[in-house]
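Asker: Sequence and predicted structure below; questions after.
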Amino acid sequence: QVQLVESGGGLVQAGGSLRLSCVASGIIFSINDMGWYRQVAEKQRQLVAGILSGGTTMYADSLKGRFTISKDNMQTTLYLQMNNQKPEDTAVYYCHAPDAGYGLGSDAGSWGQGTQVTVSS
């Protein structure tokens, strides 16, 4: 059974930084594409950043340069470093491991429980 457990969310002032972590189990982490998403209440979940099994990364255009996704295959942990945060980054952030054969744009796969990030102005 796949489990994804996020941590690292919290309250930060605008301009500050947070690092989110997602510990994965039940998957072959090193060959699984992984992604971070965020959701604001009543809005659609948005892909923030993704990292493919080979290490290629991708970001939402509006977040390039501020957010960095990375992973540690030995620790089976996915990270999201968020710098120079803005109030509009406030959301619940989710870790996602798509099922084999599905890309990061698909909902199919496993999701973490989410971690709240609040950026105050």
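Answerer: Okay, I see it.

Asker: Where does pLDDT dip in this structure?
Answerer: Of all residues in the chain, none has pLDDT under 70.

Asker: which residue is nearest the middle of it?
Answerer: For the chain, Trp36 is the residue whose C-alpha lies nearest the centre (Cα atoms, centre = their mean; 2.1 Å).

Asker: Verify the contact between Ser21 and Gly9 for me.
Answerer: No: counting by Cβ atoms under 8 Å, Ser21 does not reach Gly9; the two are 9.8 Å apart. Where C-beta positions appear, they are placed from N, C-alpha and C, glycine not excepted.

Asker: The residue nearest to the centre of the chain: what's it in contact with?
Answerer: When contacts are counted by Cβ atoms under 8 Å, 6 or more residues apart in numbering, Trp36 touches 20, 22, 47-50, 69, 78, 80, 93-96.

Asker: Export those residues to TSV and append columns for secondary structure.
Answerer: Output for the contacts of Trp36, formatted as TSV (DSSP: H, G, I helix; E, B strand; the rest coil):
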residue	secondary structure
Leu20	strand
Cys22	strand
Leu47	strand
Val48	strand
Ala49	strand
Gly50	strand
Ile69	strand
Leu78	strand
Leu80	strand
Tyr93	strand
Tyr94	strand
Cys95	strand
His96	strand
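
Asker: Return the member of these nearest to Met58.
Answerer: For the contacts of Trp36, the minimum distance to Met58 (Cβ to Cβ) is 4.8 Å, reached by Gly50.

Asker: Return the distance of Leu80 relative to Ile28.
Answerer: 21 Å (Cβ to Cβ, to the nearest Å).

Asker: Comparing the two, which residue is more hemmed in?
Answerer: Leu80 (26 against 11; other Cβ atoms under 10 Å).

Asker: Next up, the contacts around that one.
Answerer: Here Leu80 is in contact with 19-20, 36, 48-49, 67-69, 93 (criterion: Cβ under 8 Å, 6+ apart).

Asker: Just the buried ones out of those, please.
Answerer: 20, 36, 48-49, 67-69, 93 (16 or more other Cβ atoms under 10 Å).

Asker: between these, which is nearest Tyr59?
Answerer: Ala49 (4.8 Å).

Asker: This protein: strands as residue ranges?
Answerer: 3-7, 10-13, 18-25, 34-39, 46-51, 57-59, 67-72, 77-82, 91-98, 109-111, 115-120 (DSSP state E).
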